[in-house]
Structure formats: structure tokens, C-alpha cells
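Peer 1: With the sequence up front, the predicted model follows.
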Amino acid sequence: MDIKIIQRTKNPALHREEIGFEIKDSKATPARKDILQKLASLAGSKSELVVITKIKTGFGSTAVTGTAVVYSDTEAMEKTVKKHLIARTAGKKKEGEETEKKQEKPAQAKDEKPAEKKEEQKPEAMPAEKKEEK
């Protein structure tokens, strides 16, 4: 995976450097962690100070383009970047997502079992009613 930096813009007001990058000849969209490490080494910064804002792949193309932001310190990053972007870049999942998934699975299993029992009871009840009518 070769990353080429297309555009570099320094933004001293926000204490950051905005980077546009391109990845050519990738068989699939690379993982954010891999891109993050490469961009940090190219920018000469720590990977904790790099935030990937966008990754875009073209349909039927092997080229991947994207934008990232390299901050000078963690304070500037925490003031300007939204929390979900920091979590996504770090590869962390939200706490609520894991608990919701765990709660949904048992609820679905409980719903399915009674439904099967009801279906079994209905066909048995119908022929009995038909016999009585005749």
C-alpha cells in the first residue's frame, strides 16, 4: 500500500495540518489503522494526533482517496474534533452498541420460540373444528 500526499494545508488558527491523500493499486479498501500509521509516519507525527476524516473509493476503481488532519497537540484536537471521529480513528466501539446487541439477541430468541409453539397449535385446532362442523 503506497500512500501519496496530494495536498497539504497548514491551519495555524486550529493548530493543525490538513492532508489530502491517495492510495493507488489497493485490492480492497485498506483498514483505517493501516492508513493512520502510514500517514503518521509521512507527516512525522504520533498516530494519536492524526484523525482520518474521510475515505472514499470509486466504483470499479482501485484508487482510494481521503482526507486527514494532523494536530500539533492533544488539547487542540479535543477542542475541535468531534468525539465520534476520534473514537472511529482509534478503533473503539461505543459502549451502548455492544450492550444493545447483547440485549437484542436474547429477546429475539424468546420471541421466536413462542411463535413456533403457536404455529403448531393452530393447525391442530383447525382440523378439530372442521370435524365438528361436518
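Peer 2: Now that the structure is in, tell me what you want to look at.
Peer 1: Would you report the backbone torsion angles of Lys4?
Peer 2: Backbone torsions for Lys4, taken as degrees, to the nearest 10, come to phi -120, psi 130.
Peer 1: tell me the contacts of the closest residue to it other than its chain neighbours?
Peer 2: Using CB to CB, 6 or more residues apart in numbering and skipping residues adjacent in sequence, the residue nearest Lys4 is Glu22, 5.0 Å away. C-betas here are computed from N, CA, C, even on glycine. Counting by CB atoms under 8 Å, 6 or more residues apart in numbering, Glu22 touches 3-4, 6, 63-66.
Peer 1: check which helix or strand covers Glu22.
Peer 2: For Glu22, the enclosing helix or strand under DSSP states H and E is strand 16-24.
Peer 1: what's downstream of that strand, the next helix or strand?
Peer 2: By DSSP H and E, the next helix or strand past strand 16-24 is helix 32-43.
Peer 1: mind listing the helices in the chain by residue range?
Peer 2: Taking DSSP state H to define them, one finds helices in the chain at 32-43, 74-80, 83-90, 95-133.
Peer 1: By mean pLDDT, show me the worst of those.
Peer 2: Comparing mean pLDDT over the helices of the chain, the weakest stretch is helix 95-133, at a mean of 54.
Peer 1: mind putting the contacts of Glu22 in a markdown table, distance to Ile35, pLDDT and neighbour count included?
Peer 2: Below are these laid out as a markdown table (distance: CB to CB, whole Å; pLDDT from 0 to 100; neighbours: other CB atoms under 10 Å):
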| residue | distance to Ile35 | pLDDT | neighbour count |
| --- | --- | --- | --- |
| Ile3 | 7 | 89 | 21 |
| Lys4 | 12 | 91 | 11 |
| Ile6 | 14 | 93 | 12 |
| Ala63 | 14 | 88 | 12 |
| Val64 | 8 | 90 | 21 |
| Thr65 | 11 | 92 | 17 |
| Gly66 | 7 | 93 | 22 |
